[in-house]
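J.: Kindly generate the corresponding structure for this input.
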Amino acid sequence: MNYLKIPAIIALAATILTTGCSKKFEQYSQNANQPLPGKVPAGIILKSILNDLVVQPGGDADKQDQFICSNYVYYGLNSYWTGSATLEYGDLNNTLAMEAEARRAAGSDNNPYHALGLFFRAFYFVDMSEKVGDLPMTDALQGIKNTTPKYDSQKDIFKQALIWLDSANTILAGQIASKVFEFSGDFYYSERINNPLGPIAALSEWQKVVNSYKLRVLIELSKRATDNADLNIPQQFATIFNNPTQYPIFTASADNLQYVYNSSYNYYPDNITNYGNNQIRLNLAATLETTLGQLHDIRAMVFGEPARGLGFADTAYESFVGAPSGMDLSTMSKLIGSGLADSKLSLYNRNLFYSGYTGQPTYILSYPEVCFCIAEGINRGWITGDANTWYMNGVKADLAFHGIVDGANVVTLMAASGAEIAYPKFFGFADYFNQPAIKYAGNNAMGLAQILTQKYLAYARNSGYQAYFQWRRTGVPKFDVGSGTGNGGVIPRRWQYPTNEGTSNGANYQAALQSQYGGSDDINQDVWMVK
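T.: This is a model prediction of the structure:
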């Protein structure tokens with residue numbers, strides 16, 4: 001793992017290279033059009049950090065969340081990892097650099113960049129820890145002062161993350177009230193395409209992000225809610241939910257923290273330029289698409305094309321079937337056949353993914369997820385309220401994200417001839433929610449499974465590894481396994497640490513393995529939060 005502060009390394013290298021050089025040479029060699037070393041504006045650094053928050057669809061996360069499958073080896077396998085995680089210490093170094101520059105400019109840490117820096121610390125440390133377990137945190141990011149940092153326990157990492165989030169909320173509230181601050185570089189809210197927000201409104205949105213994200217973190221600690229009183233997990237959840245003025249959260253999809261694509265330079269990963277290569281070599285996974293079809297959920301037709309080889313009408317829900325992720329690629333490829341005319345599996349919906357460049361935004365944190373977190377909190381007895389209302393709100397919000405309305409809809413599917421056809425399709429919300437599999441069963445295990453199933457469906461092709469983390473925590477939905485998923489038909493429970501950790505920080509690395517996993521960097525053992 002690279003714990004070094006990049007600006008510190010650059011400064012050290014500059015010192016060595018300029019030793020013995022004349023002052024005159026230094027003066028002539030400076031580029032007046034570039035910021036001085038160590039003085040890159042905080043807003044410029046912020047853009048880089050914000051860009052790394054998103055996990056774009058189409059990669060390993062999509063497959064390992066069991067949303068999509070490759071049926072052709074050249075385009076990748078559906079097997080799970082066998083090795084190490086990619087960790088975000090580089091983004092954390094950038095976060096410290098951003099905060100340092102903001103502190104220099106503002107004269108204190110009472111500024112928006114420091115508040116967002118605290119959120120980024122929580123976001124990245126939680127993400128990394130969820131993958132591997134214990135990590136260097138307290139002693140990390142000190143550059144050459146400490147190249148062998150000790151590991152903090154996963155519990156302490158989460159405890160610190162929750163403190164950072166509280167501090168971020170407090171600072172943001174104060175900045176919004178003061179109305180006197182400098183804030184730039186925020187392309188999620190301040191510079192939203194066709195919908196720019198002023199700086200105060202943008203910071204208000206970020207305050208909602210901070211508290212909504214804290215709800216996610218607390219829900220993900222649900223297995224530790226009763227045996228770790230010092231974390232106060234249910235109480236912290238209730239504090240946010242019961243105090244919306246002090247702890248504002250998302251209240252509509254307009255609040256979503258989402259990555260928006262454009263047709264000029266920032267294309268959605270699946271777009272018209274790769275249709276020819278991908279059209280029959282990537283298909284939808286059964287855990288997503290078959291579930292949608294069985295639930296008579298119109299989102300099946302948003303994501304997929306009909307599997308005409310099954311012999312049903314194009315808009316019959318029976319025509320929307322995904323491939324089990326555990327299926328071997330040769331079998332899956334045979335089921336695809338020649339493609340749209342005779343496939344027994346649903347390919348990607350061409351209209352959504354291949355007709356242009358923008359696809360749809362990618363959730364990082366969404367209002368539907370917040371609704372399902374609250375519904376789960378009520379179901380678990382952490383807060384009081386109507387879980388069914390929040391459950392239905394979450395479903396309706398995700399349907400709206402996909403352009404689905406209550407009543408008359410139009411779905412665009414590609415005919416076997418290659419022509420796109422718009423089909424009218426009625427989708428009544430009342431009928432949908434009255435199905436036995438969907439009608440909320442109450443604050444019990446069945447009701448919880450319904451909430452989690454809909455939360456999984458709302459994660460589809462969004463939110464990085466959140467669907468996998470949910471499966472690992474709850475077992476919902478049931479993931480497919482087999483030769484196609486690899487690892488002996490067992491889905492890994494964690495990633496290994498980066499391979500260089502054994503040599504660069506060996507003693508601390510071995511101690512962490514011993515305390516967590518009996519000395520083995522074993523991908524099939526559970527991290528503390530889900531044991």
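J.: Any regions of this structure where pLDDT drops low?
T.: Judged by pLDDT under 70, the chain has its weakly predicted residues at 1-38, 193-196.
J.: Could you point out the helix or strand that follows the helix or strand residue 409 falls within?
T.: Assigned by DSSP states H and E, residue 409 belongs to strand 407-414. Using DSSP H and E, the helix or strand that follows strand 407-414 in sequence is strand 420-427.
J.: counting contacts, what elements does that following strand pack onto?
T.: Packed against strand 420-427 by the contact rule (3 or more CB pairs under 8 Å, 6 or more residues apart in numbering; DSSP states H and E) you find strand 407-414. C-betas here are computed from N, CA, C, even on glycine.
J.: From the rest of the structure, what touches the strand it packs on?
T.: For strand 407-414, the surrounding residues in contact (CB atoms under 8 Å, 6 or more residues apart in numbering) are 298, 301-302, 305-306, 314-315, 340, 349-351, 403, 420-428.
J.: Now, of those, which are buried?
T.: 298, 301, 302, 305, 306, 314, 315, 340, 349, 350, 351, 427 (16 or more other CB atoms under 10 Å).
J.: can you list those in TSV and add secondary structure and distance to residue 134?
T.: Formatted as TSV, the buried ones among the contacts of strand 407-414 follow (DSSP: H, G, I helix; E, B strand; the rest coil; distance: CB to CB, whole Å):
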residue	secondary structure	distance to residue 134
298	coil	44
301	helix	44
302	helix	41
305	coil	45
306	coil	48
314	coil	52
315	coil	51
340	coil	49
349	coil	42
350	helix	45
351	helix	46
427	strand	47
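J.: Just put those residues in a markdown table and tack on distance to residue 443.
T.: Below are those laid out as a markdown table (distance: CB to CB, whole Å):
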| residue | distance to residue 443 |
| --- | --- |
| 298 | 28 |
| 301 | 32 |
| 302 | 31 |
| 305 | 38 |
| 306 | 38 |
| 314 | 40 |
| 315 | 36 |
| 340 | 44 |
| 349 | 36 |
| 350 | 42 |
| 351 | 39 |
| 427 | 28 |
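J.: which of those residues sit farthest apart?
T.: For the buried ones among the contacts of strand 407-414, the maximum inter-member distance is 23.4 Å, found between 340 and 427 (CB to CB).
J.: Which strand or helix spans residue 471?
T.: helix 466-474.
J.: Which residue comes closest to residue 87 once chain neighbours are left out?
T.: Nearest residue to residue 87, sequence neighbours excluded (CB to CB, 6 or more residues apart in numbering): residue 128, at 4.8 Å.
J.: Next, the contact list for that neighbour, please.
T.: With CB under 8 Å, 6+ apart, residue 128 has these contacts: 85, 87, 88, 135.
J.: top of these by neighbour count?
T.: Counting neighbours by other CB atoms under 10 Å, residue 87 leads these with 24 neighbours.
J.: tell me which element it falls in.
T.: Going by DSSP H and E, residue 87 is not part of any helix or strand.
J.: That one is in contact with residue 500, isn't it?
T.: No: the pair formed by residue 87 and residue 500 falls short of the contact definition of CB atoms under 8 Å, at 11.1 Å.
J.: hmm, back to that, just name whatever secondary elements whichever helix or strand comes after the helix holding residue 471 is in contact with.
T.: Past helix 466-474, further along toward the C-terminus, the next helix or strand under DSSP H and E is helix 501-504. Secondary-structure packing of helix 501-504 (3+ CB pairs under 8 Å, 6+ apart): helix 506-517.
J.: ok, and for the helix it packs on, which residues are buried?
T.: 508, 509, 512, 513, 516, 517.
J.: Against residue 188, how distant is the last one?
T.: Here the distance between residue 517 and residue 188 works out to 37 Å (CB to CB, to the nearest Å).
J.: any chance you could map the strands in this structure?
T.: 68-70, 257-259, 282-284, 362-365, 407-414, 420-427 (DSSP state E).
J.: My guess is residue 479 contacts residue 288. True?
T.: No: assessed by CB under 8 Å, residue 479 is found out of contact with residue 288, at 11.0 Å.
J.: Residues in contact with both of the two, list them for me.
T.: Common neighbours of residue 479 and residue 288 (CB under 8 Å, 6+ apart) are residue 66.
J.: These two - which one has more neighbours?
T.: The neighbour count for residue 479 versus residue 288, taken as other CB under 10 Å, is higher for residue 288 (29 against 22).
J.: quick one, what contacts that one?
T.: 66, 67, 68, 303, 322, 456, 457, 460.
J.: Now with 6 Å, please.
T.: When contacts are counted by CB atoms under 6 Å, 6 or more residues apart in numbering, residue 288 is found next to 67, 322, 460.
J.: how much space is there between it and residue 460?
T.: 6 Å.
J.: Spit out the residues that contact these two alike.
T.: Counting by CB under 6 Å, 6+ apart, the residues touching both residue 288 and residue 460 are residue 67.
J.: sorry, back to before: now, the contacts of residue 288 that are in helices?
T.: Among these, no residue falls in helices (DSSP state H).
J.: which among the residues you listed gets closest to residue 375?
T.: When those are compared against residue 375 (criterion: CB to CB), the nearest one is residue 460, at 18.0 Å.
J.: Just give the number of residues close to that closest one.
T.: When neighbours are counted by other CB under 10 Å, residue 460 comes out with 27.
J.: go on, residue 151?
T.: 25.
J.: Where do the helices of the stretch 51-200 of the chain begin and end?
T.: For the stretch 51-200 of the chain, the helices defined by DSSP state H, counting those that start in this stretch occupy 60-64, 89-106, 112-132, 154-178, 199-220.
J.: Mind listing what's buried along the fourth one?
T.: By 16+ other CB under 10 Å, the buried positions in helix 154-178 come out as 154-155, 157-162, 164-169, 171-173, 175-176.
J.: Kindly report the same for stretch 311-321.
T.: Quick answer for stretch 311-321 (16+ other CB under 10 Å): 314, 315, 317, 319, 320, 321.
J.: Likewise for stretch 460-477?
T.: Buried, per 16+ other CB under 10 Å, within stretch 460-477: 460-474, 476-477.
J.: repeat for stretch 396-409
T.: 396, 397, 398, 399, 401, 402, 404, 409.
J.: Tell me the one of the residues you listed nearest residue 230?
T.: Among the buried residues of stretch 396-409, and counting by CB to CB, the member closest to residue 230 is residue 397, at 34.4 Å.
J.: Residue nearest the middle of this protein, spatially speaking?
T.: The centroid of the chain falls nearest to residue 463 when counting by CA atoms, centre = their mean (2.7 Å).
J.: Just list the residues touching that one, thanks.
T.: residue 363.
J.: Repeat the analysis, applying 7 Å as the threshold.
T.: Going by CB atoms under 7 Å, 6 or more residues apart in numbering, residue 463 touches 363, 364.
J.: try residue 443
T.: 378, 379, 387.
J.: The nearest residue to residue 66 once chain neighbours are set aside and residue 471: what is the separation?
T.: Closest residue to residue 66 apart from its sequence neighbours, by CB to CB, 6+ apart: residue 287 at 3.8 Å. Look at residue 287 and residue 471: by CB to CB, they are 9 Å apart.
J.: Equivalent analysis for residue 436, please.
T.: In terms of CB to CB, residue 436 sits 23 Å off from residue 471.
J.: that older thread, just name the most buried of the helices of the stretch 51-200 of the chain.
T.: helix 112-132 (a mean of 25; mean count of other CB atoms under 10 Å).
J.: quick one, that helix and helix 466-474 angle?
T.: 60 degrees (axes from the mean of the first three to the mean of the last three CA atoms, to 10 degrees).
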